[in-house]
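Participant: Sequence and predicted structure are below.
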Amino acid sequence: MNRIISPSLLAADFGNLQREIEMLNQSEADWFHLDIMDGVFVPNISFGMPVISAINKLAKKPLDVHLMIVDPDRYISTFKKVGADILTVHYEACTHLHRTIQAIKAEGMKAGVSLNPHTPVALLEDIIHDLDLVLIMSVNPGFGGQSFIENTYNKVRELRAMINNSDSTALIEVDGGVNDKNVVKLEDAGVNAFVAGSFVFKNDDPAKTIANLKTVK
Ligand code: DX5
Ligand code: ZN
């Protein structure tokens, strides 16, 4: 399967967002990763609906929206309206996860679940066949630019086995500290999609960095 690269706009230059979006449109990026933080589920606040709408007007690729918010059910239809294609909620933020996933799909979006570094993969056993995507956090959510947690490889291998042993078609995405040094080992462990924030945007040539992430062996 083709490696999917989803640059995280959290690390982009917000003063020049249009330029950053156009760069991603022209690049080999597959998706736009948008990190939504509420200051409650994570100790940071990022951006919300008006900014997502503005991005959606310019972006020519799917919006991969990662919700780091409590009680995401309140806003599922709103995220659809502002342009989300993939909507990922946190396992730790959902009391009735099955209901939340069904609500996301009923809106016509792909449904993802994200796991914090401390949350075991095994907790997904009874929901895996309903998911389009599992987002494994390889840092503690809330900030870009943190270092990759090595135990992620074990979690990915376990999740890959769970998916292959079920009728699930879920993609595995990894988020946090991804760079050209760990992408191949992650792919070998079973990852399909890679979020990269600072590695892409803090580079002098982000488009070239994306192309490199896409093809590095
Ligand atoms: C962290 C976010 C990530 C973040 C990744 O809470 O979910 O998407 O932007 O940034 P890097 O690639 O810099 O670790
Ligand atoms: Zn993210």
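Facilitator: The structure has been received and is ready for your questions. Ligands and ions are numbered 1, 2, ... in the order given.

Participant: Quick check: longest helix in the chain by residues?
Facilitator: Counting by DSSP state H, the longest helix found in the chain is helix 152-164.

Participant: Can you give me every residue that contacts the residue lying closest to Asn203 once chain neighbours are set aside?
Facilitator: Spatial nearest neighbour of Asn203, chain neighbours left out: Thr209 (4.4 Å); criterion: CB to CB, 6 or more residues apart in numbering. The way it works is simple: take the backbone N, C-alpha and C, and place the C-beta from them, glycine included. Neighbour list for Thr209: Asp180, Ala196, Phe199, Val200, Asn203 [criterion: CB atoms under 8 Å, 6 or more residues apart in numbering].

Participant: and the residue in the chain positioned nearest to ligand 1, backbone torsions?
Facilitator: Closest to ligand 1 within the chain is Gly197: 2.8 Å, counting by CB to the nearest ligand atom. Dihedral pair for Gly197: phi -100, psi -80, per degrees, to the nearest 10.

Participant: and what of the one 4 residues further on?
Facilitator: Backbone torsions for Phe201, taken as degrees, to the nearest 10, come to phi -80, psi -20.

Participant: what helix or strand is the residue of the chain found nearest ligand 2 on?
Facilitator: At 3.7 Å from ligand 2, His66 is the closest residue in the chain, using CB to the ion. For His66, the element it lies in under DSSP states H and E is strand 63-68.

Participant: Buried residues, the following helix or strand past that strand. List them.
Facilitator: As assigned by DSSP H and E, the chain's next helix or strand after strand 63-68 is helix 76-82. Buried residues in helix 76-82, counting neighbours by 16 or more other CB atoms under 10 Å, are found at Ile76, Phe79, Lys80, Val82.

Participant: gap between the third one and Ile52?
Facilitator: This points to Lys80. According to CB to CB, to the nearest Å, Lys80 and Ile52 sit 11 Å apart.

Participant: next one: the second one
Facilitator: Distance, Phe79 to Ile52, using CB to CB: 7 Å.

Participant: which parts of this structure sit against ligand 1?
Facilitator: 8, 10-11, 33, 35, 66, 139, 141-146, 175-178, 195-199 (CB under 6 Å from any ligand atom).

Participant: Which among those count as buried?
Facilitator: 8, 10-11, 33, 35, 66, 139, 141-144, 175-178, 195-199.

Participant: one step back: neighbouring strands of the strand holding His66 in the sheet, and parallel or not?
Facilitator: Using DSSP bridges, strand 63-68 pairs in its sheet with strand 32-37 (parallel), strand 86-90 (parallel).

Participant: Met1 is nearest to which of those?
Facilitator: When these are compared by CB to CB, strand 86-90 sits nearest Met1, at 16.3 Å.

Participant: Contacts for that closest one, please.
Facilitator: The contact list for strand 86-90 (CB under 8 Å, 6+ apart) reads 31, 41, 62-68, 72, 76, 79-80, 97, 100-101, 104, 107, 109-116, 132-133, 135, 141, 173.

Participant: what sits opposite the residue of the chain closest to ligand 2 in the beta ladder?
Facilitator: Assigned bridge partners for His66, using DSSP bridges, are Asp35, Thr88.

Participant: tell me the contacts of it?
Facilitator: The neighbours of His66, taking CB under 8 Å, 6+ apart as the test, are His33, Leu34, Asp35, Ile36, Thr88, Gly112, Ser114, Leu135, Asp175, Val195.

Participant: No further queries at this time; thank you.
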